Structure formats: structure tokens, C-alpha cells
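In: got a predicted model here, sequence first, then my questions.
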There are 2 protein chains.
Amino acid sequence: MKEETIRKKLNKAGLKATPARLAILALFAKRHTPLSADDIAIALKKEKIDLVTIYRTFASLEKAFILKRVDLRRDAAYFEMADNHHHHHLVCTECGDIEDFELCDIGNLSQKILKKSSKFKAVSDHAFELFGLCTSCAGK
Amino acid sequence: MKEETIRKKLNKAGLKATPARLAILALFAKRHTPLSADDIAIALKKEKIDLVTIYRTFASLEKAFILKRVDLRRDAAYFEMADNHHHHHLVCTECGDIEDFELCDIGNLSQKILKKSSKFKAVSDHAFELFGLCTSCAGK
DNA sequence: TTTCTTGCAAATTTTTTGCAACTTA
DNA sequence: TAAGTTGCAAAAAATTTGCAAGAAA
């Protein structure tokens, strides 16, 4: 993703295009896998971005729907670009390896569920991840 | 759930039926909502179960498939009885309120996804939660 | 009695807050 | 310049570890 695109995105959200945000978003755009605060600190150690800044960036970009949280059942919080083509993850419970998949019928499903619900009025997002064994871990 | 049932479950898993485990599982059986370590410590404060014990109980019961982890996008880890009728959650992003739903086609879906996968051999579990607004928060 | 569990203290790890200095628009 | 951001230090919260004492099978 071009820096210009990222700047526009931030702008539209009313967020300033600071070096930290640009670097973090560029990293998310380059890597197509969920990243934790620590992952980012390590990958951008040359840029020396404070962990606090990374956490605050997560918070502001999540609120702006630029990043989205991904549940990997790990210790730390993971995020991903929100605008990538809609997809979810197969997660290996043994080695943590991740594969994306796009097949996701959940838009329909969630409308059905919402209709049946007595307490909910709207659904804005969903978590959908599959946990299992990758070929190499299953072989062991 | 009767204590006898719980004892059997633990037994079958090769785990000892200690007071802490019995109390924790009884609580999970009574409340039908996901609970964090803290929730349990508070609910069972009369029993004075150490937080460390609760975390260790989570670990052993999760491994034994007696408890399962639930992703609520909160700060702490939440668990639930694993054997309850299969269900998932609508989670209000505003107030945290939870409603269960049972409609879940994911068994089929995950087989389809697995077939298409190049790296995965088996899927043993899935996370599927919907995030949105409950009626009362949507009204605000 | 043997093995598994617990509690306590202490350490780690993850995430958040306060505040002054500094950038971006 | 005004509003939003960052880094640093410190705190808070969540989770884990070591070890000796205690309980279950």
C-alpha cells in the first residue's frame, strides 16, 4: 500500500499522519499476518517506536476501523489491517502457524442470528477462526 | 450438574477431584456465561481459592476439554463449560452483555475450508462470536 | 505411599496512565 | 497556534513459576 493511501486513510479518520503510524501501517500492509505489539516493536526496532505508542496506535486505529483485532488464543493481542479482503484464519494449536481463508458465509448467518435474538439490535463484526493442526504438526 | 457427574468427568480425565476444582466446575455449571479468573475468585471468595489455583485449573481443564476458552475481546481470558450444547455468543461492544445463540453451521463450513487448505490437516475447534450492540446500548 | 494439587511469595508479561515535550495540520 | 501525539517513567493488571506443605487415589 502506498504511503499516500495510508495518509488518506488516517486523514479521513481525523488522525494525524505521524511517522509512528505510517511505519506501523506500512508494516501491517507488507506483512499479511496478524501482529502483536511486540512483533511490531521488534520489526521496527530501527525506528525505535515505544511500546506505549504502539498500544496507543492500536487503540486509535482500531476505533477508526483501520485495524481490527484478531483472536488467536495467544497471550497477547493481535491486530491486522481491517480493509484487506475479508478473511479469517486457520490457526495451528501446536506451532501457531496461520493460514488465511476467505470462504465466509457469516454475513448471512449473522443476520439470521440477529433476527432470532431477543436482546441485540445490530452486529458490526465477527470473530471466526478455526483451530487445528497443520500438516507438519499433525504428522508428529 | 450433580457433583457426581463432575467427579466422573475429572476422573475420566485423570484429574483429582479436589475441592477447588469441584467448586469451580460447579460455578461454571450454575452460571451459564463465560467467566474469567477474577470472576471466579470473587464468586468463590468464601472458598478462598487462590488465583494461581484458578489459572492452573483453567489450564488443566482446558487441556482435558472440560473447559473451553471463549474470545470476548476483553482484557482477560474467559472460559466456559465445554460440554454445554454447542453455542456461541453475541457480545455487546458497549456494555459487554452476552447472549448465546445456537445456530451454527460451522461444522460443515470448516470441513469445506479444510479441504481447500494447503497447510492444514485437521480442525478441532472454532471461535465464532458476533460483536454488536444490544438493544439498550443501540438506543443511546 | 505415591502422585497430583494447592498456597504463598515473587517474578514475568502485557497493557495502561500521567505528564511534559514535541509534531502535525 | 491549537489539537493531537510521543516518549519516558511508573503503575496496574493479568498470568506464570518455584517450592514446600497438604490432600486425593
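Out: Thanks, I have the structure now. Remember, predicted model here, so these are calculated numbers, not experimental data. Residues are numbered from 1 along each chain as shown, chains lettered A, B, ... in the order given.

In: can you check the pLDDT for the residue positioned nearest the centre of chain A?
Out: Ranked by distance to the mean C-alpha position of chain A (Cα atoms, centre = their mean), the top residue is A:E80 at 2.0 Å. A:E80 carries a pLDDT value of 97.

In: return the residues of chain A in contact with DNA strand C.
Out: Within reach of DNA strand C by Cβ under 7 Å from any atom of the strand, chain A has these residues: A:7, A:10-11, A:16-19, A:36-38, A:51-52, A:55-56, A:58-59, A:75-77. To be clear about C-beta, it is placed using only N, CA and C from the backbone, and glycine gets the same treatment.

In: ok, back up a step: check contacts around the residue nearest to the centre of chain A.
Out: By Cβ atoms under 8 Å, 6 or more residues apart in numbering or on different chains, A:E80 lies in contact with A:28, A:33-35, A:67-68, A:70.

In: same deal with A:L27?
Out: Taking Cβ under 8 Å, 6+ apart as the criterion, A:L27 is in contact with A:35, A:40, A:43-44.

In: repeat that with 10 Å
Out: By Cβ atoms under 10 Å, 6 or more residues apart in numbering or on different chains, the contact list for A:L27 reads A:35, A:39-40, A:43-44, A:47, A:49.

In: now the strands for chain A?
Out: Using DSSP state E, the strands found in chain A span residues A:35-36, A:67-70, A:78-81, A:88-92, A:98-101, A:120-134.

In: can you list the residues of chain A near DNA strand D?
Out: Proximity of chain A to DNA strand D, by Cβ under 7 Å from any atom of the strand, involves residues A:14-16, A:18, A:20-21, A:48-50, A:52-53, A:56-57, A:60, A:75.

In: buried members of those residues into PyMOL, please.
Out: Selection command for PyMOL covering only the buried members of the residues of chain A next to DNA strand D, criterion 16 or more other Cβ atoms under 10 Å in any protein chain shown:
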select buried, chain A and resi 15+20+21+49+53+57+60
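
In: A:M81 contacts A:A29, doesn't it?
Out: Yes. Taking contacts as Cβ atoms under 10 Å, A:M81 lies within contact range of A:A29: 6.4 Å.

In: between the two, what contacts are shared?
Out: With Cβ under 10 Å, 6+ apart, A:M81 and A:A29 have common neighbours A:M1.

In: contacts only, for the residue of chain A found nearest DNA strand D.
Out: Relative to DNA strand D, the nearest point of chain A is A:T53 (3.0 Å; Cβ to the nearest atom of the strand). Contacts for A:T53 (Cβ under 10 Å, 6+ apart) come out as A:18, A:20-21, A:24, A:37, A:40-41.

In: A:K2 too?
Out: Taking Cβ under 10 Å, 6+ apart, one finds A:8, A:26, A:29 in contact with A:K2.

In: same deal with A:A20?
Out: Taking Cβ under 10 Å, 6+ apart, we find A:A20 in contact with A:40, A:44, A:47-50, A:53-54, A:56-57.

In: mind putting those into a markdown table with pLDDT?
Out: Below are the contacts of A:A20 laid out as a markdown table (pLDDT from 0 to 100):
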| residue | pLDDT |
| --- | --- |
| A:I40 | 98 |
| A:L44 | 97 |
| A:E47 | 96 |
| A:K48 | 96 |
| A:I49 | 98 |
| A:D50 | 98 |
| A:T53 | 98 |
| A:I54 | 98 |
| A:R56 | 98 |
| A:T57 | 98 |
